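Visitor: structure for this input, please:
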Amino acid sequence: MKEKIIGAVVAAAGLSSRMGAFKPLLPFGADTVIGRCVANLRAAGASELVVVTGYRGGELAAALEGSGVTCVHNPRYAETQMFDSLCIGLRALPPDLNAVLLTPGDVPLVQPETVRALLETPGGFVCPVCEGRRGHPVALEAQYLPALLAYDGAGGLRGAVAALGIPVTEVEVADGGMLRDLDTPADYAEILKLLEQDK
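Guide: Modelled structure (predicted):
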């Protein structure tokens, strides 16, 4: 059987305004937040990875040089939403994919097993759920990419999935890390504590 080719788009174009520091390059164990996000996706089987940069994009691209990811820039990062960055990233992926993982670049505690569970679950749009809440990343079957990229309505990714009638499947996982994003210094302190506990 032909092996599935998995792509991933990491949206890391934001201003990090609530953090007061540049989130993607914050230290995270022996790595950075963005480095850990990329490593988790790669460990789960993603072979084609795109990181969408914006604020301090040159710095982020330089930090990721040699990591095997493709960096593309969202020049309108200050006035666009995450869905716009995801679409820029999707256009930079090769055409022969089976599925694509989509995630913001500030969810570094996701377990690779969670990502693999998404990829092993059939469905057009597959979301992880823990404690009744949806988290990241999500997996999208490649057949829906053209319609998603042509969508120009409201509601971001969730609005596009609903408007296009893409079937949604939820996967229950025991992974609180996929709910923990980094918006504030308090979030960062808490997530570093959890990282130490996992060692």
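
Visitor: was I right about His136 contacting Leu182?
Guide: No - between His136 and Leu182 there is no contact under CB atoms under 8 Å: 11.9 Å. C-betas here are computed from N, CA, C, even on glycine.

Visitor: list residues touching both of those two?
Guide: Listed contacts common to His136 and Leu182 are Val107; contacts here mean CB atoms under 8 Å, 6 or more residues apart in numbering.

Visitor: between those two, which has more neighbouring residues?
Guide: Legend: neighbour count by other CB atoms under 10 Å for His136 and Leu182, higher for Leu182 (26 against 23).

Visitor: quick one: residues contacting that one.
Guide: Met19, Lys23, Leu26, Val33, Asp106, Val107, Pro108, Tyr188, Ile191 are the contacts of Leu182 under CB under 8 Å, 6+ apart.

Visitor: which of those are buried?
Guide: Met19, Lys23, Leu26, Val33, Asp106, Val107, Pro108, Tyr188, Ile191 (16 or more other CB atoms under 10 Å).

Visitor: so for the fourth one, what's the pLDDT?
Guide: This means Val33. Listed pLDDT for Val33 reads 94.

Visitor: now the third one
Guide: In the prediction, the pLDDT value recorded for Leu26 is 94.

Visitor: count the residues that sit near the nearest residue to Ala160 once chain neighbours are set aside.
Guide: Taking CB to CB, 6 or more residues apart in numbering as the measure, Ala160 lies nearest to Tyr151, with 4.3 Å between them; neighbours along the chain are not counted. For Tyr151, the neighbour count with other CB under 10 Å is 18.

Visitor: out of the contacts of Leu182, which are inside strands?
Guide: Where the contacts of Leu182 are compared with strands, as defined by DSSP state E, there is no overlap at all.

Visitor: could you pull out the strands in the chain for me?
Guide: With DSSP E as the criterion, the chain has strands spanning 6-12, 27-28, 31-32, 46-53, 70-73, 99-104, 125-130, 133-134, 138-141, 168-172.

Visitor: what sits closest to Lys23 if chain neighbours are left out?
Guide: With sequence-adjacent residues excluded and distances taken as CB to CB, 6+ apart, Lys23 is closest to Ser16, at 4.4 Å.

Visitor: could you measure from that neighbour over to Pro95?
Guide: The span separating Ser16 from Pro95 equals 32 Å under the rule CB to CB, to the nearest Å.

Visitor: higher neighbour count, those two?
Guide: For Ser16 versus Pro95, the count of surrounding residues by other CB under 10 Å is larger for Ser16: 18 against 6.
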